[in-house]
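Undergrad: I'd like to go over a predicted model; first the sequence, then the structure.
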Amino acid sequence: MPSELELQISPIVQESLVHNSRTLQNLQSLTASLFGVSAGILGLESYDGFLFYLAFSLLTSALFYLVRVAPSSLTAGPRYFRGPFEFWAGGLMNGLAGFILTWTLFYGLVRA
Amino acid sequence: MAQVPVQTIHRDPQLFYWILFPITIVMILTGVLRHYASVLMASAPKRLEQKAMREQRRLIHGMNLRGNFHVLSQRSFATRRDALITAYESGTYLKDPERRGQAPPNPMSDPSSMEGMMGMMKNQMAMIIPNTLIMSWINAFFSGYVIMKLPFPLTIKFKSMLQAGVATKDMDPRWMSSISWYFLCIFGLQSVFNFLLGSDNAASQMAQQMGQMGPQAGQMFGPGVDPDKQFLAEAENLAVVEHHSVLDGVEQRLLEGIKV
């Protein structure tokens, strides 16, 4: 944890942090809906569907990390998000409702 | 363990066209409508008279000084702090200094605070009215239909929630009625609205409820708050700040940063 003095020497801009989190959140909720569509079309049921969602949203986070965050953050220090937990796991809860909605819709349209 | 046979119910495919799609489309359009209604109904911030504006700005000035003292040198911080504390304690910046120490006016009688409450009421109404309307619309037209099957199993407890209006005892709780599709839409359409209206939209009820839980920006200068007390508290906060500058020991840091 950086001390107060270090934060004052190189401050973290709250607005940019919020903007970053919001961008990530938008991406995750949009992709969660698309994962729901694909899970429904594939006809996954119960645990399969949730595992599908878990795997693919972690994959999205990983791609986001590799392509957008890592190139600049590894040289300048990790200061683009509030913490690793929010980055990796925050999107899971954000997108879950959208995932279930589209999953149910397309499962109903295609299978049942 | 005996394999429980999977229930299949043959349903008219027309159910999709006449129940599922109307509910979904209506939910999306209501969200869009709510967004634009709240954009249109948002009242422009009222112009404050000069004294009241000064009162607010001076308080914010004190807070900013307290938050950013580290960029000032010791001397200039001390000067600012002394000036602000003297002014706060003598009540120079108050809107009407002769009313110091009296009880704040009743917020119900103040017309400017009524405005704020009206705004809050309008937001509440914009949320409650469409919900009640759609709920009763679905209940009136679509109750009693089983339209879809959830892709994941649920316990029997969910039966009364998902199959409201369908009184069948042995049906698997995975089957859901139209009213539960409505609930799924309430929770899950946020991403659709994000996509359609941008991320800071007012379409989803969930986001609005979250916003009401959080602290409100206008509360600081809200009605019923005594500005004199705020000033005194701020003066006290300023008085206890222990000053250090961000430039303290900067030579050391510079020399450490230079690689020979």
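TA: Nice, I can see it.
Undergrad: CA atoms for contacts and neighbours, from now on please.
TA: OK.
Undergrad: give me the phi and psi angles of the residue positioned nearest the centre of chain A.
TA: Closest residue to the average C-alpha location of chain A: residue A:91 at 3.6 Å, with C-alpha atoms, centre = their mean. For residue A:91, the backbone dihedrals are phi -70, psi -20 (criterion: degrees, to the nearest 10).
Undergrad: so where's the chain shaky on pLDDT?
TA: Went with chain A since none was named. Per-residue confidence of chain A (counting by pLDDT under 70) places the weak regions at A:1-8, A:10, A:71-83, A:112.
Undergrad: look at chain B instead
TA: Counting by pLDDT under 70, chain B contains low-confidence ranges at B:1-5, B:97-116, B:164-167, B:199-225, B:260.
Undergrad: pull the contacting residues for the closest residue to the residue nearest to the centre of chain A other than its chain neighbours.
TA: Closest residue in space to residue A:91, ignoring its immediate chain neighbours: residue A:28 at 5.7 Å, by C-alpha to C-alpha, 6 or more residues apart in numbering or on different chains. Residues near residue A:28 by C-alpha atoms under 8 Å, 6 or more residues apart in numbering or on different chains: A:57, A:60, A:91, A:92, A:94, A:95.
Undergrad: quick check, the residue nearest to the centre of chain A in contact with residue A:29.
TA: Yes. Contact between residue A:91 and residue A:29 holds when scored by C-alpha atoms under 8 Å: they sit 7.3 Å apart.
Undergrad: buried ones in stretch B:240-254?
TA: When burial is assessed from 16 or more other C-alpha atoms under 10 Å in any protein chain shown, stretch B:240-254 yields the following buried residues: B:245, B:246.
Undergrad: that should have said stretch A:93-112, apologies.
TA: Using 16+ other C-alpha under 10 Å as the test for burial, stretch A:93-112 gives A:94-109, A:112.
Undergrad: return only those of these found close to chain B.
TA: Residues shared between the buried residues of stretch A:93-112 and the neighbourhood of chain B are A:95, A:97, A:98, A:99, A:100, A:101, A:103, A:104, A:107, A:108, A:109, A:112 [C-alpha under 8 Å from any C-alpha of the partner chain].
Undergrad: surely the fifth one touches residue A:37?
TA: No. Taking contacts as C-alpha under 8 Å, residue A:100 lies outside contact range of residue A:37: 9.4 Å.
Undergrad: name the helix or strand for the residue nearest to residue A:91, please.
TA: With secondary structure defined by DSSP states H and E, residue A:28 is part of helix A:14-42.
Undergrad: run through who's touching the helix or strand that that helix is followed by.
TA: Going down the chain from helix A:14-42, the next helix or strand is helix A:46-64, by DSSP H and E. Contacts of helix A:46-64 with the rest of the structure, by C-alpha under 8 Å, 6+ apart, involve A:28, A:31-32, A:35-36, A:39, A:87-88, A:91-92, A:99, B:151-153.
Undergrad: go on, stretch B:162-181?
TA: Residues from elsewhere that reach stretch B:162-181, judged by C-alpha under 8 Å, 6+ apart: B:7, B:19-20, B:135, B:138-139, B:142-156, B:158-159, B:161.
Undergrad: give the buried residues for it.
TA: Going by neighbour count (16+ other C-alpha under 10 Å), the buried part of stretch B:162-181 is B:162-166, B:171-181.
Undergrad: then stretch B:141-151?
TA: Of the residues in stretch B:141-151, B:142, B:143, B:144, B:145, B:146, B:147, B:148, B:149, B:150, B:151 count as buried by neighbour count, 16+ other C-alpha under 10 Å.
Undergrad: do that stretch and chain A meet at all?
TA: Yes. Legend: contact between stretch B:141-151 and chain A by C-alpha under 8 Å from any C-alpha is shown at B:148, B:149, B:150, B:151.
Undergrad: now for the helix or strand hosting residue B:56, which elements pack on it?
TA: Element membership for residue B:56, per DSSP H and E: helix B:50-67. Helices and strands touching helix B:50-67, by 3 or more C-alpha pairs under 8 Å, 6 or more residues apart in numbering or on different chains; DSSP states H and E, are helix B:227-239.
Undergrad: which residues does the helix it packs on contact?
TA: The set of residues external to helix B:227-239 that reach it, using C-alpha under 8 Å, 6+ apart, is B:55, B:59, B:62-63, B:66, B:81, B:84-85, B:88-89, B:91, B:94, B:100-101, B:221.
Undergrad: closest to chain A among these?
TA: Here the nearest of those to chain A, counting by C-alpha to the nearest C-alpha, is residue B:66; it sits at 13.2 Å.
Undergrad: what count of nearby residues applies to residue 45?
TA: Let's take chain A. Burial measure for residue A:45: 17 neighbouring residues, criterion other C-alpha atoms under 10 Å in any protein chain shown.
Undergrad: was after chain B, sorry
TA: Residue B:45 is surrounded by 7 other residues when neighbours are defined as other C-alpha under 10 Å.
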